[in-house]
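Engineer: Whatever this is, show me its structure:
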Amino acid sequence: MKTIVSPKNQNILIIDDEKVILDLTSIILRNRGYTVYTAGDAADGFDIIETRHPELVLLDYMMPGIDGLTALKIIRERYPDTYVIMFTGKGSEEIAVELMKAGAYDYILKPFNNQDLADRIENVLRIRQVEISNRELIKEKERLLGEIEQWNRQLEIRVQEKTEALQRVQAENVQAEKLASLGYLSAGVAHEIRNPLNSITLFVQLIKSGIDDPELCGYVDKILKEVDRIDTIVRKLLDASKRPRFELKEVRIDQLIDQTLEAFRPQLDQNRIVVERDFRNLPPAIQADPSELEQIFVNLFLNSIHEMPQEGRLRVQLDHDGKEVVIRVSDTGGGIPKENLANIFDPFFTTKNKGSGLGLSVVLRIVKTYGGKIGVEKSDKTGTTFCILLPLPAAE
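Structural biologist: Numbers count the residues shown, from 1 in each chain. Have a look, this model is predicted:
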């Protein structure tokens, strides 16, 4: 399908040092409906192109000052939407090739035929219209591809966010199932273990009362100590799975944190650990058992101190937004290995030489008791940050 180019609103600039050519060409083109500008040299022509933005330039090849070939290269570099047809009195294949390589879309030999001039101008303007339309289509295509790429990135981000949220929910469900299973197990184990432990303790104490040998008494004391250790493990097991007796009171979390930190003051000083309290918006008091909440901070602070045996920084951040309390406990220890992160809340999971591995299980159980959440917000070689969210009662 042939593209029809209307002379209306089409601007043509003629650059030629021969006034006769300027006048004759202007008359021909104006009679055909084009808006025509003229210039006697390339410098004046550049000024007109800068202000009038013509669609086409008829440019003489042989001119004083800036010659036609140089002017052609400048126009094509500075004004790519302005197309050029060259006038030349020298018709040769070498000149034609040189002009086309420099960016001319056609060349016309002087003297020229009026109809031939008009046809060539219309043909170049038609080519220009098609090429500019193609460039605009390419730009639009690139814009649309950019939008699609952006949508894809946003979709990937949303899918990733939903996937991570689903994984968190699945992990929470697994933890809930583990705690439920632990509850059934610990109730039976506690009953089956504590009864014989009580008997062992009673009989060992009877044996001890009839022994005078200090060495044998030392052995008996070790037995009693180990029995106490087993009893402690059983008690922690019960604490991790089942809520013990509790008494709800008005508890100020900021005060509870300060009290717990003060209790750890000797260990903090011994390990040269600096404490940073970043208490922002102090939350209102909540209904809770202070002993239960205290266990959260006791276990987290113990873990942090263990990770910083020489020196370090323990940071406690407290904030709230009216809906929930946000508590962050950070240390500058060595961090939790990535492969262990999924297991840290599991009962009996520990990487320490000492300890039952029930501390974080107890913390998880208590946080969930109050409808909250706990997780590792950051853990790398610069340290670990635990984040705890506890809901606040709705304002009446």
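
Engineer: low-confidence ranges in the stretch 1-150 of the chain?
Structural biologist: For the stretch 1-150 of the chain, the stretches with pLDDT under 70 are 1-8.

Engineer: what separates the residue sitting nearest the centre point of the chain from Trp151, distance-wise?
Structural biologist: When CA atoms, centre = their mean is applied to the chain, the residue found nearest the centroid is Ile157 (8.6 Å). Distance from Ile157 to Trp151, counting by CB to CB, to the nearest Å: 11 Å. All C-beta spots, glycine's among them, are computed from the backbone N, C-alpha and C.

Engineer: With Ile74 instead?
Structural biologist: Per CB to CB, Ile74 is found 42 Å from Trp151.

Engineer: Those two: which has the busier surroundings?
Structural biologist: Ile74 (16 against 10; other CB atoms under 10 Å).

Engineer: ok, and the closest non-adjacent residue to the more buried one?
Structural biologist: Phe46 (7.1 Å; CB to CB, 6 or more residues apart in numbering).

Engineer: any idea how far the one you found is from Ile28?
Structural biologist: To Ile28, Phe46 is 24 Å away according to CB to CB.

Engineer: next one: Asn173
Structural biologist: 85 Å.

Engineer: Between these two, point out the one with more neighbours.
Structural biologist: Using other CB under 10 Å as the criterion, Asn173 and Ile28 rank with Ile28 on top: 17 against 10.

Engineer: In contact with the more buried one, which residues?
Structural biologist: Listed by CB atoms under 8 Å, 6 or more residues apart in numbering, the contact set of Ile28 reads Asn114, Leu117, Ala118.

Engineer: would it count as being in a strand?
Structural biologist: No: with DSSP: H, G, I helix; E, B strand; the rest coil as the criterion, Ile28 is helix rather than part of a strand.

Engineer: mean confidence for stretch 153-164?
Structural biologist: For stretch 153-164, the mean pLDDT works out to 91.

Engineer: how about the strands of the stretch 251-396 of the chain, start to end?
Structural biologist: 273-279, 286-288, 312-320, 324-331, 373-380, 383-391 (DSSP state E, counting those that start in this stretch).

Engineer: closest to Val220 out of those?
Structural biologist: Nearest of the strands of the stretch 251-396 of the chain to Val220, taken as CB to CB: strand 273-279 at 38.8 Å.

Engineer: Just name whatever secondary elements that closest one is in contact with.
Structural biologist: helix 253-263, strand 312-320 (3 or more CB pairs under 8 Å, 6 or more residues apart in numbering; DSSP states H and E).

Engineer: Find out how far the first one is from the centre of the chain, if you would.
Structural biologist: Right, helix 253-263. Helix 253-263 sits 35 Å away from the centroid of its parent chain (CA atoms, centre = their mean, to the nearest Å).

Engineer: And Thr70, how far from Pro64?
Structural biologist: 12 Å.

Engineer: before we move on, the earlier item: let me have the strands of the stretch 251-396 of the chain in TSV, adding mean neighbour count as columns.
Structural biologist: Below are those laid out as TSV (neighbours: other CB atoms under 10 Å):
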stretch	mean neighbour count
strand 273-279	14
strand 286-288	16
strand 312-320	19
strand 324-331	21
strand 373-380	16
strand 383-391	20
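
Engineer: Leaving aside the residues adjacent along the chain, what's closest to Lys352?
Structural biologist: His306 (6.6 Å).

Engineer: what does Val275 give?
Structural biologist: The shortest distance from Val275 to any non-neighbouring residue, by CB to CB, 6+ apart, is to Leu314 (5.1 Å).

Engineer: ok, now Asp231?
Structural biologist: Leu197 (5.9 Å).

Engineer: My guess is the one you found contacts Arg229. True?
Structural biologist: No: the criterion here is CB atoms under 8 Å, and Leu197 misses it with Arg229 at 10.6 Å.

Engineer: and Cys387, what does it touch?
Structural biologist: Listed by CB under 8 Å, 6+ apart, the contact set of Cys387 reads Val326, Ile327, Arg328, Ile374, Gly375, Val376, Glu377.

Engineer: Look up the pLDDT of the residue lying closest to it once chain neighbours are set aside for me, please.
Structural biologist: In space, and not counting its chain neighbours, Cys387 is closest to Glu377: 4.2 Å by CB to CB, 6+ apart. Model confidence at Glu377, given as pLDDT, is 91.

Engineer: quick revisit: how near is the residue nearest to Val275 to His306?
Structural biologist: The value you get for Leu314 to His306, if CB to CB is used, is 12 Å.

Engineer: and what of Ile207?
Structural biologist: 37 Å.

Engineer: Could you do Leu109 as well?
Structural biologist: From Leu109 to His306 the distance is 94 Å (CB to CB).

Engineer: quick one: the residue nearest to Cys387 and Thr385 touch, right?
Structural biologist: Yes: between Glu377 and Thr385 there is a contact under CB under 8 Å: 4.5 Å.

Engineer: shared neighbours of those two, anything?
Structural biologist: Listed contacts common to Glu377 and Thr385 are Arg328; contacts here mean CB under 8 Å, 6+ apart.

Engineer: Now Leu282. Nearest residue, chain neighbours left out?
Structural biologist: Nearest non-adjacent residue to Leu282 (CB to CB, 6+ apart): Asp254, at 5.2 Å.
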